[in-house]
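Asks: okay, predicted coordinates and the sequence, questions at the end:
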Amino acid sequence: YMGARNDGEHILRSTVSGFLPLSEGKNYKMLLRPVCSHIARPFAARRLVRGPSRINKLSSSLFRTPNSVSSIPSVRREFSSSAGQHAQGGLINFNLADIGEGIAEVEVLKWHVKVGDKVAQFDALCEVQSDKATVPITSRYDGIIREIKYKVNDMAKVGSPLCVIEVEAQGTDNAVSSPSPSSSATTSTTPSSPAPVSTPVCSSSSSKILTSPAVRRLAQENNLDLHAVKGTGPDGRILKEDVLRFIQNKDKSPVAPSTTPVESTKPQSISPAAQLSTTVKSVAAGYLADDVVHPVTGLQRIMVQTMTLANSVPTFGYADEIVMDRLARFRERLRPVSEKKGAKLSFMPFILKAASLALRDFPQLNAHVNSDCTSVTYRASHNIGFAMDTPRGLLVPNIKDVQNKSIFEIASEMNRLQQLGAAGRLGKEDLSGGTFTISNIGTIGGTYTRPILVVPEVIIGALGSIQTLPRYDKEMNLKPTKVMVASWSGDHRVVDGATVARFSNAMKSYIEHPELLLLELK
């Protein structure tokens with residue numbers, strides 16, 4: 001909020017200084033501070049000053065008399081009525097904001113509040129989930145919950161009201177006239193009345209802290225009390241650097257037994273999945289006395305849409321056996337070292353690294369195709385996703401920049417994502433931005449599979465279970481061999497079969513000769 005106000009001062013400076021007398025130009029900040037304190041977002045300020053003639057229409061004497069207290073409310077009224085940022089208080093609709101990734105609706109997983117509860121800014125209201133992520137929704141206002149629009153497991157549309165909050169003279173652009181449940185979600189703008197200059201809008205009580213939601217979340221994740229952090233920003237605003245500096249100093253100092261340790265490189269502890277509502281419902285095992293009709297809702301409903309779209313893409317299938325004997329012995333030697341560092345070392349970190357090295361030679365497979373297949377974007381980052389069976393259904397988190405990570409770093413990140421997935425806490429950042437996907441269905445069973453593309457990616461792989469089978473070696477001796485089948489599906493509109501086969505051979509070579517991985521590490 002304070003940062004937005006300072007941005008507004010910077011944006012308006014050049015416009016106002018054009019017609020301020022040079023002798024009084026030094027007073028522009030005093031004039032603009034009450035104006036910009038009403039601007040909740042920097043883009044609102046840019047929109048207001050896009051036409052300087054709007055400000056020129058104001059009386060020039062207004063700006064030539066900066067010491068006149070009576071003139072300042074006129075400036076504030078002019079801006080607030082245009083931006084629609086303030087209301088007199090009362091009942092307001094709290095709308096579901098756009099969470100990006102083209103998502104039009106989400107499922108309400110859990111409410112943290114009920115009707116009659118008092119909430120403050122940044123308090124958790126509910127959790128929603130799309131096919132991309134589970135997102136916590138926090139309050140933008142101080143007030144009382146008067147109505148909840150959606151029940152748990154309902155599908156909420158982006159832009160529709162989630163709840164109704166009664167506020168006291170709180171800025172909003174969604175004022176409503178009554179809390180009637182039958183009223184529509186239509187919103188209206190209530191212009192504000194002039195506020196006294198002697199009461200700055202940006203003032204806060206001792207219980208409130210000037211900082212951003214991202215900084216508050218960082219403090220919450222590290223169990224920090226922001227009152228103990230000294231802010232170095234404008235008007236004492238706490239910046240991200242202030243919190244990081246506080247964490248470093250706290251980590252160096254002795255920690256009292258009653259103090260929660262600062263988060264380390266180990267995965268953060270999370271609440272058990274049993275505490276969360278389950279989206280993917282199943283019928284209890286056993287014979288059914290009667291037929292059961294169950295609606296397709298929540299994540300299943302979203303999967304219907306995404307899988308139908310993906311299955312409409314013509315794909316090319318390819319599969320090959322990979323001998324796992326050397327990698328199995330290599331992994332056994334490294335496992336104790338990895339466990340000492342706190343990471344479980346499975347086969348997948350080696351396979352993901354091998355895939356990244358093969359993608360270096362075939363960058364056309366680390367790509368996204370646009371919706372009408374008129375262009376392909378080759379992605380620089382190898383954000384490799386791996387399909388995960390979670391209590392909420394199939395999710396595909398991805399590990400960012402695998403090409404720059406060591407095998408141990410890949411293992412640590414995979415462990416973190418697996419713990420979050422088991423608890424239903426995968427975030428938007430974990431589930432978005434993937435460029436290439438491998439599904440390890442073999443942990444459950446099976447040999448061959450036909451994976452379905454994760455649109456807009458152009459290829460996906462699936463790994464079968466590792467089996468000990470009789471195979472002939474180069475000397476034609478029959479011996480037991482650990483074998484895994486890798487199956488591939490490629491977007492045949494932009495990927496040809498020969499490219500997939502060559503890529504598979506390159507990845508297979510790294511897996512069957514893991515010492516080559518060491519030569520490629522930087």
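Replies: Sure thing, it's come through. All figures in this text were calculated on a predicted structure; none of them were measured in a lab.

Asks: if I look at the residue nearest to Lys482 when sequence neighbours are not counted, how far off is Ser465?
Replies: Of all residues not flanking Lys482 in the chain, Met324 sits nearest, at 4.2 Å (C-beta to C-beta, 6 or more residues apart in numbering). For every residue, glycine as well, the C-beta is placed using N, CA and C. Separation of Met324 from Ser465 (C-beta to C-beta, to the nearest Å): 11 Å.

Asks: one more: Phe316?
Replies: 24 Å.

Asks: in the protein, which strand is the longest?
Replies: Ranked by residue count under DSSP state E, the longest strand found in the chain is strand 478-491.

Asks: what packs against that strand?
Replies: strand 315-323, helix 325-340, strand 459-463, strand 467-472, helix 497-512 (3 or more C-beta pairs under 8 Å, 6 or more residues apart in numbering; DSSP states H and E).

Asks: partners of it in the sheet?
Replies: Applying DSSP bridges, strand 478-491 is found paired with strand 315-323 (antiparallel), strand 459-463 (antiparallel), strand 467-472 (antiparallel).

Asks: check which residues of that strand are buried.
Replies: Buried residues in strand 478-491, counted by 16 or more other C-beta atoms under 10 Å: Thr481, Lys482, Val483, Met484, Val485, Ala486, Ser487, Trp488, Ser489, Gly490, Asp491.

Asks: now stretch 233-249
Replies: Gly233, Arg237, Ile238, Leu239, Asp242, Val243, Phe246, Ile247.

Asks: what do you get for stretch 155-165?
Replies: If you call a residue buried by 16+ other C-beta under 10 Å, then stretch 155-165 has these buried ones: Ala156, Val158, Pro161, Leu162, Cys163, Val164, Ile165.

Asks: Val292: which of these is nearest?
Replies: Ranked by distance to Val292 (C-beta to C-beta), the buried residues of stretch 155-165 are led by Ala156 at 26.3 Å.

Asks: need the three-state assignment for the closest one.
Replies: For Ala156, the secondary structure call by DSSP: H, G, I helix; E, B strand; the rest coil comes out as strand.

Asks: just give the number of residues close to the closest residue to it other than its chain neighbours.
Replies: Counting by C-beta to C-beta, 6+ apart, Ala156 lies nearest to Tyr150, which is 5.0 Å off, once chain neighbours are set aside. Neighbours of Tyr150 under the rule other C-beta atoms under 10 Å: 20.

Asks: which strand residues bridge Tyr378?
Replies: Ala367.

Asks: burial measure for it, as a count.
Replies: Tyr378 has 12 nearby residues by other C-beta under 10 Å.

Asks: gap between it and Arg360?
Replies: For Tyr378 relative to Arg360 (C-beta to C-beta), the value is 12 Å.

Asks: and Arg450, which of the strands paired with strand 478-491 is closest to it?
Replies: Of all these, strand 315-323 comes closest under C-beta to C-beta, at 6.1 Å.

Asks: buried residues in stretch 342-356?
Replies: So stretch 342-356, judged by 16+ other C-beta under 10 Å, has buried residues 343, 345-356.

Asks: hang on, I meant stretch 362-370
Replies: Phe362, Leu365, Asn366, Ala367, Val369.

Asks: of all the strands paired with strand 478-491, which lies closest to Glu512?
Replies: When those are compared (using C-beta to C-beta), the closest one is strand 315-323, at 5.2 Å.
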